[in-house]
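1. 3D, please:
(2 chains)
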Amino acid sequence: MTDTARRASGLVAATFRPDPEGTHPPLDYAGYKSTALRHPSRPLVPLPQMLTETTAPVFGEDRVTAADADLTRQHEGEPQGERIIVYGRVLEDDGRPVPNTLVEIWQANAAGRYRHAGDQHPAPLDPHFSGGGRCLTDAQGRFRFVTIKPGAYPWGNHHNAWRPAHIHFSVFGRAFLQRLVTQMYFPGDPLFFQDPIFNSVADPAARERMICRFDLEQTQPEWALAYQFDIVLRGAEATPMEDH
Amino acid sequence: MATTPSQTVGPFFAIELPYDNGRYVVPDGTPGAIWLTGRVLDGAGEPVPDALVESWQADPAGAFGGDFRGFGRSGTDADGRWAILTLKPGTITAHPVRRGHDETPQAPHVDLVVFARGLLRQVVTRLYFADEGQANAADPVLGGLDEQARATLVAARVDDGYELDIHLQGPHETTFFAV
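-> This next block holds a predicted model:
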């Protein structure tokens, strides 16, 4: 459907820009074996951005309490490993903050083991670490977690395959089409070159945007290293169709 | 600033994402509540037991932004089955930018996104309702699809709600959208 036809049919809403080619991974990516039977083989059908796509759920205290952002205090004792602060902002591509949006994270423990029945890596579970956390961004789009630096771990994708250390992030935004699940990696990880998930993002500059930044200023003396990770969601076009 | 890339949800998202209340857009026992359910299947027709299905929809009046939560989230079980308890959305006639103008009404529908190990980004589809034949026939999105593609989006009426399988790949592949 052409833009003109869309306007004629009344389907034009506040439109969000498409991301440049190479920003997101393809669904069909041979290097990551699990994609083989799980990627749609037909072309995606363009969907005009309508109300359902340009609105989003609102989350509140029923899903999040203040304690949920500290993954080191979910049990009686402290978890093993390197305590870290992970903070940043959820933004749109024009720098506009996304306030009050839900940010959820999950990760392996310091030994590279997830608290999940499917994880059979023979590394120890930590009785003091569950590995899940969540918070709402504040009015400036900011979030802050305290956690443990996750370990690298092996997986079965190819011979001697290892995942670089990472924390999974899930973010909503103000439109359901901005929904983003990603992984945050750490600077200088020697495992990047052999990881098909990291390298499924074709654009090297885009891959860099998944790597957090070590921040000495926010590092708490005698307590925890800090890493900054800003998450940028698709932004909206100006709305020339709006009535005045 | 440039957008942060998507990465797969991986096999271990159940540590965090499915939550007790996630499947209940409305509480159990809500008058008029329906179960939306189905299986997620791969290209070999096998169940995908580690997928996450999320739903987003209008309220029964076809509106967004009220008290109705509108959002549901369900993991899949060993049979690949997901289930979300909700209210049937209404026909959407409002327009986000040009409120009050005549717009092509949209048949009642629920946006569904699927995350899974092996999906490097989510896939997006819509669920329509088989007993809304007239509204479906006039829907601008369904109207742009051929019969086979359209059929993959229409949930069948069952005892306690509606049922729709999501085929990630294969001869019955679901129609997925680029938004």
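2. how about the most centrally placed residue in chain B, what does it touch?
-> Compute the mean C-alpha point of chain B, and by Cα atoms, centre = their mean the closest residue is residue B:112, 2.6 Å away. Taking Cβ atoms under 8 Å, 6 or more residues apart in numbering or on different chains, we find residue B:112 in contact with B:53-55, B:124-127, B:166. (C-beta placed from N, C-alpha, C; glycine too.)
3. against residue B:63, how distant is residue B:92?
-> Distance of residue B:92 to residue B:63, given as Cβ to Cβ, to the nearest Å: 8 Å.
4. pick out whichever of these two has more residues nearby.
-> The neighbour count for residue B:92 versus residue B:63, taken as other Cβ atoms under 10 Å in any protein chain shown, is higher for residue B:92 (23 against 17).
5. bridging residues for the more buried one?
-> For residue B:92, the beta-bridge partners under DSSP bridges are residue B:106.
6. not counting sequence-adjacent ones, nearest residue to residue A:135?
-> Distances taken as Cβ to Cβ, 6 or more residues apart in numbering or on different chains place residue A:69 nearest to residue A:135, at 4.1 Å, with adjacent residues excluded.
7. ok, now which ones touch the one you found?
-> So residue A:69 contacts A:133-135, A:143-146 (Cβ under 8 Å, 6+ apart).
8. ok, now residue A:210?
-> A:182-185, A:198, A:201, B:4-5, B:7.
9. out of those, which are inside helices?
-> Among the contacts of residue A:210, the members falling in helices (DSSP state H) are residue A:198.
10. can you redo the contacts of residue A:210 as JSON lines with pLDDT, distance to residue A:32 and neighbour count?
-> What follows is those, written out as JSON lines (pLDDT from 0 to 100; distance: Cβ to Cβ, whole Å; neighbours: other Cβ atoms under 10 Å in any protein chain shown):
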{"residue": "A:182", "pLDDT": "98", "distance to residue A:32": "15", "neighbour count": "25"}
{"residue": "A:183", "pLDDT": "98", "distance to residue A:32": "13", "neighbour count": "22"}
{"residue": "A:184", "pLDDT": "99", "distance to residue A:32": "18", "neighbour count": "22"}
{"residue": "A:185", "pLDDT": "99", "distance to residue A:32": "16", "neighbour count": "24"}
{"residue": "A:198", "pLDDT": "98", "distance to residue A:32": "10", "neighbour count": "22"}
{"residue": "A:201", "pLDDT": "98", "distance to residue A:32": "12", "neighbour count": "25"}
{"residue": "B:4", "pLDDT": "98", "distance to residue A:32": "19", "neighbour count": "27"}
{"residue": "B:5", "pLDDT": "98", "distance to residue A:32": "14", "neighbour count": "26"}
{"residue": "B:7", "pLDDT": "98", "distance to residue A:32": "10", "neighbour count": "24"}
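11. ok, the contacts of residue A:210 vs residue A:60, which is closest?
-> residue A:182 (23.7 Å; Cβ to Cβ).
12. quick one, grab the pLDDT at residue 45.
-> Unless you meant another one, I'm taking chain A. For residue A:45, the pLDDT comes out at 97.
13. actually chain B
-> pLDDT, read off for residue B:45, is 98.
14. any idea how far residue B:167 is from it?
-> In this view, residue B:45 and residue B:167 are 8 Å apart by Cβ to Cβ.
15. which one's more surrounded, the two?
-> Remark: of residue B:45 and residue B:167, residue B:167 carries more neighbours, 21 against 14, as counted by other Cβ under 10 Å.
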